[in-house]
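Trainee: Next input, structure requested:
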Amino acid sequence: MSRFVFFLIASLLLTFTAGAAHAEGASAGAAEELSSILRSYETYQADFIQIVVGENGGRVQETRGSLKAKRPGLFYWETAAPLSQFIVSDGETVEVYDPDLEQVTIHKLDDRVQSTPALLLSGEVDNLDETYEVSQRRIGELTREFTLVPRGADSLFVSLRLSFFDGELQEMRMEDSLAQISILSFDSIELNKDVDQSAFTLEYPEEVDVIRDGA
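Mentor: Numbering: from 1, shown residues only. Next up, the predicted model:
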C-alpha cells in the first residue's frame with residue numbers, strides 16, 4: 001500500500017452561499033463543534049476523486065472510487081482501474097487487496113494508525129483537541145472548514161482540512177511531511193443510510209498471497 005493511500009485509509013476511518021470568510025482560530029470550541037458534526041455520522045457513503053499534488057505543484061496521481069464508513073470502526077474503500085485496489089477495516093485490522101499484484105496485506109490498527117484522518121468517519125471523535133489543534137473558518141451560512149494540526153511529532157500528516165457544506169463532508173485536503181498534498185473530493189453522498197455488515201468484507205481468490213504486517 002502506498003504511503004499516501006495508507007494516510008487516507010489508515011487516514012478516512014476517523015472520520016465528513018457565497019460570502020465573506022470568517023476565521024475563528026484554534027480553540028477547544030472548534031474541536032467540539034467538529035466532533036459534534038462527525039458524531040452525527042452513523043454511516044457515510046460517497047464516490048470520490050482523489051488527486052495527489054507534488055511539492056512542485058504538479059499532479060502526481062488521480063484516481064476515482066467509492067467508500068463506505070460505519071461506526072464503530074467499519075470502513076470500505078475501492079478505487080477503479082487502472083489503479084484498482086480494495087481496502088476494508090473491521091476496526092482492529094485493515095485488509096488491502098491489490099488484484100494486479102494478486103496480493104492481500106493485513107495491517108494491525110495500532111495507536112498511530114488510529115489517529116489518522118480516515119478514522120474520523122468511523123472511529124472515536126471525542127476529545128479531538130487532545131490530539132489536534134483545531135481551527136475553524138466559516139464561509140457564508142452553509143460552508144465550514146476545519147483545519148487539524150497534529151500535536152504529536154510522529155503524526156502521519158502535517159495538516160488536514162475538512163470542508164463541509166450544509167453539514168455534509170465535501171472534501172478532505174491533507175499535507176504530509178514531504179509537502180505532498182492529497183485531495184479527496186466527494187460526490188453522491190449518502191448520510192446515515194443503512195449499510196449491511198456484509199459491505200465491510202473482502203472477497204478475493206484463494207490463490208492470492210496473504211501477507212500479515214503486525215496483524
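Trainee: Counting by contacts, list what the lengthiest helix in the chain packs against.
Mentor: Counting residues, the longest helix in the chain under DSSP state H turns out to be helix 28-39. When contacts are defined as 3 or more Cβ pairs under 8 Å, 6 or more residues apart in numbering; DSSP states H and E, helix 28-39 packs onto helix 128-131, strand 132-139, strand 143-150. For the C-beta atoms, the positions are set from N, CA and C on the backbone; glycine is no exception.
Trainee: Hmm, residue 106 and residue 208 touching each other?
Mentor: No - Residue 208 lies out of contact with residue 106 (Cβ atoms under 8 Å); the separation is 11.9 Å.
Trainee: Residue 173 bridge partners, please.
Mentor: residue 161, residue 183 (DSSP bridges).
Trainee: Measure how buried it is and give me the count.
Mentor: Residues near residue 173, counting by other Cβ atoms under 10 Å, number 18.
Trainee: Tell me the confidence at it?
Mentor: At residue 173, the model reports a pLDDT of 92.
Trainee: measure residue 44 to residue 69 for me?
Mentor: Using Cβ to Cβ, to the nearest Å, residue 44 is found at 5 Å from residue 69.
Trainee: can I get the helices and strands packed on helix 28-39 in TSV with mean pLDDT and mean neighbour count?
Mentor: What follows is those, written out as TSV (pLDDT from 0 to 100; neighbours: other Cβ atoms under 10 Å):
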stretch	mean pLDDT	mean neighbour count
helix 128-131	80	17
strand 132-139	92	19
strand 143-150	92	20
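Trainee: Could you dump these into a markdown table and include distance to residue 90?
Mentor: Below are the helices and strands packed on helix 28-39 laid out as a markdown table (distance: least, Cβ to Cβ, whole Å):
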| stretch | distance to residue 90 |
| --- | --- |
| helix 128-131 | 22 |
| strand 132-139 | 25 |
| strand 143-150 | 25 |
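Trainee: Of these, which is nearest residue 85?
Mentor: Checking those against residue 85 by Cβ to Cβ gives strand 143-150 as the closest, at 25.4 Å.
Trainee: So, low pLDDT: which residues of this structure?
Mentor: Applying pLDDT under 70 to the chain flags the ranges 1-27, 110-126, 214-215.
Trainee: let's see it at 80
Mentor: Scanning the chain with the threshold set as pLDDT under 80 gives 1-28, 55, 57, 91, 109-128, 152-156, 213-215.
Trainee: all strands in it, in order from the N-terminus.
Mentor: Taking DSSP state E, the strands of the chain run over residues 21-26, 43-53, 59-70, 74-79, 85-89, 93-98, 103-108, 132-139, 143-150, 159-165, 168-175, 181-191, 209-213.
Trainee: Ok, which of those comes nearest residue 201?
Mentor: Residue 201 sits nearest to strand 85-89 of all those, at 6.5 Å, using Cβ to Cβ.
Trainee: Quickly compare the strands of the chain and say which is most buried.
Mentor: Ranked by mean neighbour count under mean count of other Cβ atoms under 10 Å, those are led by strand 85-89, which reaches a mean of 23.
Trainee: What helices and strands are in contact with that one?
Mentor: Packed next to strand 85-89, using 3+ Cβ pairs under 8 Å, 6+ apart, are helix 3-9, strand 74-79, strand 93-98.
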